[in-house]
Each structure stands twice: as structure tokens, then as C-alpha cells.
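> Quick one, what's the 3D model for this:
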Amino acid sequence: MCIKTLMQIKCFCPCKKVHNSGTTFQLFTILGEQILSTSFKSKSVNDISLPSLSSGVYIVQLTTEFGKLNKKIVLN
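Below you'll find the predicted structure:
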């Protein structure tokens, strides 16, 4: 699940098996243009600073050794 603001996204997962695994975070426009890509070691909560973004619809993709998760977010 992701909680979003215009400046930062907090990603958290209560699932213990994902903790301490490598995670890739990617942010795309609704048209598929990649805006941000970063990697980190998973823990319960990760703060990700966002570039300056316009209001609109974006796609977040989280990738771990266990698979991929895509979520749509709307920034007002």
C-alpha cells in the first residue's frame, strides 16, 4: 500500500517475507514514460522523495524477488 503526497511516497508492507530483500521502485506517467527508478533494501516503511510532479495519474511499480506489484496513484 502507498500513501502519497506531492513530495514523497511512503511504501509499507506488513508481509515479513519481503523484509530485507532488494526492492526496485519505479514511477511512470499514465502514458508509460518512466519518471523515477530507485532501489533499496526493504524494511517495513520506506520514504521515497519524488521529483516535482504535476497533478495527474501515475503508476507505481514495486519489484522484489517475489514478483511485481503495480498501483495507480492520483495526485491532486
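
> how about Ser39, what does it touch?
By CB atoms under 8 Å, 6 or more residues apart in numbering, Ser39 lies in contact with Gly22, Thr23, Thr24, Phe25. Every residue, glycine included, has its C-beta placed from N, CA and C.

> 6 Å instead, please
Residues in contact with Ser39 (CB atoms under 6 Å, 6 or more residues apart in numbering) are Thr24.

> What of Thr63?
So Thr63 contacts Thr24 (CB under 6 Å, 6+ apart).

> go again using 7 Å as the cut-off
Counting by CB atoms under 7 Å, 6 or more residues apart in numbering, Thr63 makes contact with Thr23, Thr24.

> Tell me what it is bridged to.
Thr24, Lys68 (DSSP bridges).

> Ile73 and Ser39, how far apart?
Ile73 sits 20 Å away from Ser39, going by CB to CB, to the nearest Å.

> what's the answer for Asn76, then?
Distance of Asn76 to Ser39, computed by CB to CB: 28 Å.

> Where do the strands of the chain begin and end?
In the chain, strands defined by DSSP state E lie at 2-4, 8-12, 22-29, 34-41, 45-49, 56-64, 67-75, listed in chain order.

> Can you give me the neighbour number for the closest residue to Ser37 other than its chain neighbours?
Leaving aside its chain neighbours, Ser37 sits nearest to Gln26 (4.8 Å; criterion: CB to CB, 6 or more residues apart in numbering). Neighbour count of Gln26, defined by other CB atoms under 10 Å: 17.
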